[in-house]
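*Asks:* One predicted model, sequence on top.
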Amino acid sequence: MNIEDNKCEEEKIRMIFLKRLLFILFLLAAVISILSYSVTVGTADISVWDVYRTLMDAVLPGTFEIGDRTRMIIIDIRLPRVLMALIGGAILAVGGCLTQSILRNPLATPYTLGVSSGAGFGAAIAILMGMTLVSNVVGVIVNAFVFALIPIAVVLTAGRARNLSSATMVLCGVAMSYIFSAANTLLQFFGDPNAVKAVVFWMVGDLNNIFIWHIPFVLITLIMCLVTSAYLSKNINAMRLGDDTARSLGVNTEAVRTITLLVACLSTAMVVCFTGSIGFICLLAPHISRVFVGGDMKYLVPASALCGSALLLLADLGAKMLAEPIMLPVGAITAMVGGPLLLYLLLRRKSDNAV
């Protein structure tokens with residue numbers, strides 16, 4: 001009987017592993033497919049063959065003769081956009097996955113900790129008042145990044161000084177979000193109408209102003225985020241059982257929580273400063289992935305990253321195609337689709353402690 005029970009248990013473990021692996025492979029195939037198609041979609045009438053010839057020529061110069069206009073459209077406009085959707089979506093999803101897991105809260109994300117509101121206030125100062133930390137074209141980006149770090153610095157400092165619970169840290173982040181949002185509203189009230197319009201579009205989140213030089217920054221950020229997640233995955237898994245249990249297993253819970261939140265929020269801030277506040281990816285992708293792979297960080301992090309990439313690539317595709325030739329803001333698409341989908345996922349949950 002014991003042998004049969006062991007065999008059943010082993011078979012169950014194999015089936016769970018197979019389910020997780022198949023879901024991750026499905027997401028990988030979906031990301032590659034969507035990426036391959038998305039780069040061929042745009043307002044300019046360029047054939048699929050010309051698109052891929054241009055990309056091949058960029059990798060192997062001199063392979064094909066490509067016109068300057070075609071090269072500019074593909075390499076300087078379409079390619080940076082889809083690469084930012086690919087990499088940025090993965091970063092946002094992993095940031096949300098880490099935050100939800102370490103705080104054991106299904107609604108916790110770097111956004112709820114105030115990252116996006118802080119970034120929006122920094123961008124508003126640069127756009128409306130011309131006050132930037134650097135006096136060149138990257139002033140808005142630098143302002144957004146620096147101000148995005150203020151809320152998480154306050155939350156982490158208060159958490160360590162007052163020994164706050166995870167729920168209280170989330171509430172502190174929400175309070176910081178309200179403060180920065182109110183300050184942003186006051187700036188817009190007294191701002192020039194054209195500048196206010198620019199701030200509003202920035203806050204919605206968009207991929208229209210992505211350049212190829214942005215990509216190395218987010219790519220390095222993604223690599224660092226994934227490496228750190230892999231290193232901390234066992235400790236985070238232990239902390240999901242409670243701090244006391246984790247401490248009994250030798251985990252330095254305060255250090256792991258601080259490092260995890262810093263990595264999640266710094267990574268998210270790097271994306272937000274380039275794209276604006278594209279919402280719901282960091283909240284939705286981990287929830288979808290958790291349904292199929294469970295809460296084990298060894299599987300949840302890569303699944304969330306791929307799911308985030310697929311979601312943002314799909315949203316970008318919709319932004320380009322729904323009102324062609326007008327490019328819709330990607331953030332509006334993610335919110336319009338993500339809101340009802342997240343509501344459905346939350347309502348079908350059997351319990352709130354599945355994170």
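*Replies:* Received the coordinates, thanks. Everything numeric here is computed off the predicted structure, so don't read it as measured data.

*Asks:* going forward, measure contacts between C-alpha atoms and count neighbours the same way
*Replies:* Fine.

*Asks:* Let me know the average pLDDT across the strand or helix carrying T334.
*Replies:* T334 is part of helix 330-347, with elements assigned from DSSP states H and E. For helix 330-347, mean pLDDT is 83.

*Asks:* Buried residues in it, which are they?
*Replies:* By 16 or more other CA atoms under 10 Å, the buried positions in helix 330-347 come out as 330-335, 338, 342.

*Asks:* what's the closest of these to R20?
*Replies:* R20 lies nearest to L342 out of the buried residues of helix 330-347, by CA to CA, at 21.1 Å.

*Asks:* Quick check: that closest one touching L284?
*Replies:* Yes - if you go by CA atoms under 8 Å, L342 and L284 touch, sitting 6.0 Å apart.

*Asks:* which residues are in contact with the helix or strand bottoming out on mean pLDDT in the chain?
*Replies:* Lowest by mean pLDDT, DSSP states H and E among the helices and strands of the chain is helix 330-347, with a mean of 83. Here helix 330-347 makes contact (CA atoms under 8 Å, 6 or more residues apart in numbering) with 204-207, 277-281, 284, 287-288, 312, 315-316, 318-319.

*Asks:* Pull out the buried members of the residues you listed.
*Replies:* For the contacts of helix 330-347, a neighbour count by 16+ other CA under 10 Å gives the buried set as 204-207, 277-281, 284, 287-288, 312, 315-316, 318-319.

*Asks:* Let's verify A85: helix, strand, or coil?
*Replies:* Classification of A85 by DSSP: H, G, I helix; E, B strand; the rest coil places it in helix.

*Asks:* Read off the pLDDT value for it.
*Replies:* 96.

*Asks:* ok, back up a step: tell me how far the least confident helix or strand of the chain is from the chain's mean position?
*Replies:* 15 Å (CA atoms, centre = their mean, to the nearest Å).

*Asks:* export it as CSV, just CAs?
*Replies:* Backbone C-alpha positions of helix 330-347 (Å, rounded to 0.1, in the frame of the first residue of the first chain) are rendered in CSV as follows:
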residue,chain,number,x,y,z
VAL,A,330,-1.0,51.3,-24.7
GLY,A,331,-1.8,52.1,-21.1
ALA,A,332,-5.5,52.6,-22.0
ILE,A,333,-5.6,49.2,-23.7
THR,A,334,-4.1,47.4,-20.8
ALA,A,335,-6.5,49.1,-18.3
MET,A,336,-9.6,48.5,-20.5
VAL,A,337,-8.8,44.8,-20.9
GLY,A,338,-6.9,44.1,-17.7
GLY,A,339,-9.6,45.5,-15.4
PRO,A,340,-12.4,43.1,-16.3
LEU,A,341,-10.0,40.2,-16.6
LEU,A,342,-8.4,40.8,-13.2
LEU,A,343,-11.9,41.1,-11.7
TYR,A,344,-12.8,37.7,-13.1
LEU,A,345,-9.6,36.1,-11.8
LEU,A,346,-10.2,37.6,-8.3
LEU,A,347,-13.8,36.5,-8.2
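
*Asks:* sorry, back to before: any chance of the buried residues of helix 330-347 in JSON lines with distance to A183 as columns?
*Replies:* Listed next are the buried residues of helix 330-347 as JSON lines, based on distance: CA to CA, whole Å:
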{"residue": "V330", "distance to A183": "25"}
{"residue": "G331", "distance to A183": "21"}
{"residue": "A332", "distance to A183": "22"}
{"residue": "I333", "distance to A183": "26"}
{"residue": "T334", "distance to A183": "25"}
{"residue": "A335", "distance to A183": "23"}
{"residue": "G338", "distance to A183": "27"}
{"residue": "L342", "distance to A183": "29"}
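
*Asks:* Of those, which is the nearest to K7?
*Replies:* Of all the buried residues of helix 330-347, K7 sits closest to L342, with 37.6 Å by CA to CA.

*Asks:* any weak-confidence spans in the chain?
*Replies:* Residues of the chain that meet the criterion pLDDT under 70 lie in 1-5, 135-137, 349-355.

*Asks:* Does anything pack onto the longest helix anywhere in it? Which helices or strands?
*Replies:* Counting by DSSP state H, the longest helix found in the chain is helix 2-38. With contacts taken as 3 or more CA pairs under 8 Å, 6 or more residues apart in numbering; DSSP states H and E, helix 2-38 sits against helix 79-103, helix 281-293, helix 297-321.

*Asks:* Would you tell me which one of those is buried the most?
*Replies:* helix 79-103 (a mean of 28; mean count of other CA atoms under 10 Å).

*Asks:* For the very next helix or strand once past that helix, which residues meet the burial criterion?
*Replies:* Downstream of helix 79-103, the next assigned helix or strand under DSSP H and E is helix 115-129. Using 16+ other CA under 10 Å as the burial criterion, the residues of helix 115-129 that qualify are 115-128.
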